[in-house]
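Enquirer: got a structure for you, letters missing:
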C-alpha cells in the first residue's frame, strides 16, 4: 500500500512565534499611529489656521533627528549582523550606539519642546501671522498645536520604550546569552526599533514637511 | 553559512539619507500644493519600503505575512478619502 503524506508549506515560513507576535503587535501599533495621523490630517483639512512648512516648526533641527534615527536603524541591523557572525564585541557596540542615538533623539525632541513652551518673540510673530495668540506653541495652540504634540509625543514615547527595550537586551547580553544560534530576541527587538524609524519617516513628512 | 549583509545595509542607509535630502529640498521647492504633497508622500513611502524590506527583513518573510501586513493600508486610504469629502482644504494653492 502506498502511503503518501502531504506536507503543506507553513504560511509564515521559519518565522518564530515571538517574531510573529511582534509583527502582530506592530500591525496593531500601526493602526494606532494611523488613527492619530489620519485624525491630524482631518483637522488639517478642516481649517486654514495652519502654519506653512518651516514657518513655525524647525525643519533643520528635525532633519538632524531624522538622520540620527536612520543611523540608529543602521547600527541596530549591524548589531544583529555581527551577532549572526558571533562577534560579541561588535554586537554589543552596535546595540550601545543604537541606545545612545535613541537618547540623543529624545534630547533633541526635548530641546525642541522646551523652546516651543518657553516661546520667543520670533515664534510669537510667526504664530500671530497664522491667527494664533501668544508667544508659545502649546498643546492648546489650536488644532495645529494639539496635532503636533499628540503625534510627536506618542512617537517619542515609542523611542523611549525602544531605548529601555534595547538596554534590557544589552544588559542580558553581558552574560553571552545571545549567540549566532540564539539571536531571535535581538531580531524581535530590532523589529520594534525599525518600526519606530519607519513611523518617524511618515510623521516627519506629514507634520513637518507638508 | 552566515551571509554578511553589511554592504546591503550601508547602501540602504545611504539611499535613505539621499531620499531624506531630496524630501527636504522638495519641501522648500515652490510647487503647486497637490504636486508637492504627492511627491513628498511618494518619497516617504519609498523610504518606508526600504526600512521594512531591508532592515526589518520583510523581503525574506513569506508572501502570506507580507499580505497580512499590507491589507490595512488601502483601508486607511479609503478612510481618509471619506474624511476629506467635505474638507475646505485648497489643493490648488
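Expert: All right, it came through fine. The shown structure was predicted, so the numbers you read here are calculated from the model rather than taken from an experiment.
Enquirer: now the strands for chain A?
Expert: With DSSP state E, there are no strands along chain A.
Enquirer: which residues in it form helices?
Expert: Applying DSSP state H to chain A gives helices spanning A:17-46, A:59-84, A:88-118, A:121-129, A:142-173, A:184-203.
Enquirer: pLDDT value on residue B:93, please?
Expert: Per-residue pLDDT puts residue B:93 at 55.
Enquirer: no, scratch that, I was asking about residue B:44
Expert: pLDDT at residue B:44 comes out at 95.
Enquirer: can you check residue A:185 too?
Expert: On pLDDT, residue A:185 comes in at 96.
Enquirer: what separation do you get for it and chain B?
Expert: Separation of residue A:185 from chain B (Cβ to the nearest Cβ, to the nearest Å): 15 Å. Quick note: C-beta positions are derived from backbone N, CA and C, even for glycine.
Enquirer: wait, that residue sits on residue A:169?
Expert: Yes - if you go by Cβ atoms under 8 Å, residue A:185 and residue A:169 touch, sitting 6.9 Å apart.
Enquirer: so which of the helices of chain A is nearest residue B:83?
Expert: helix A:17-46 (4.6 Å; Cβ to Cβ).
Enquirer: show me what the closest one is packed against.
Expert: When contacts are defined as 3 or more Cβ pairs under 8 Å, 6 or more residues apart in numbering or on different chains; DSSP states H and E, helix A:17-46 packs onto helix A:142-173, helix A:184-203, helix B:63-70, helix B:72-83.
Enquirer: output these in CSV, with distance to residue A:40 appended to each entry.
Expert: Listed next are the helices and strands packed on helix A:17-46 as CSV, based on distance: least, Cβ to Cβ, whole Å:
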stretch, distance to residue A:40
helix A:142-173, 4
helix A:184-203, 9
helix B:63-70, 22
helix B:72-83, 11
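Enquirer: highest mean neighbour count out of those helices?
Expert: A comparison of those by mean neighbour count, using mean count of other Cβ atoms under 10 Å in any protein chain shown, puts helix A:184-203 on top with a mean of 22.
Enquirer: packing partners for that helix?
Expert: If you count contacts as 3+ Cβ pairs under 8 Å, 6+ apart, helix A:184-203 packs onto helix A:17-46, helix A:59-84, helix A:88-118, helix A:142-173, helix B:33-50.
Enquirer: one step back: anything in contact with each of residue A:185 and residue A:169?
Expert: residue A:178 (Cβ atoms under 8 Å, 6 or more residues apart in numbering or on different chains).
Enquirer: avg pLDDT for stretch B:71-87?
Expert: In this model, stretch B:71-87 has a mean pLDDT of 73.
Enquirer: what lies in contact with it?
Expert: A:27, A:30-31, A:34, A:38, A:41-42, A:45-46.
Enquirer: ok, these vs residue B:39, which is closest?
Expert: residue A:41 (16.9 Å).
Enquirer: deepest of the helices and strands packed on helix A:184-203, which one?
Expert: Most buried of those by mean neighbour count (mean count of other Cβ under 10 Å) is helix A:59-84; its value is a mean of 22.
Enquirer: I am finished for the moment; much appreciated.
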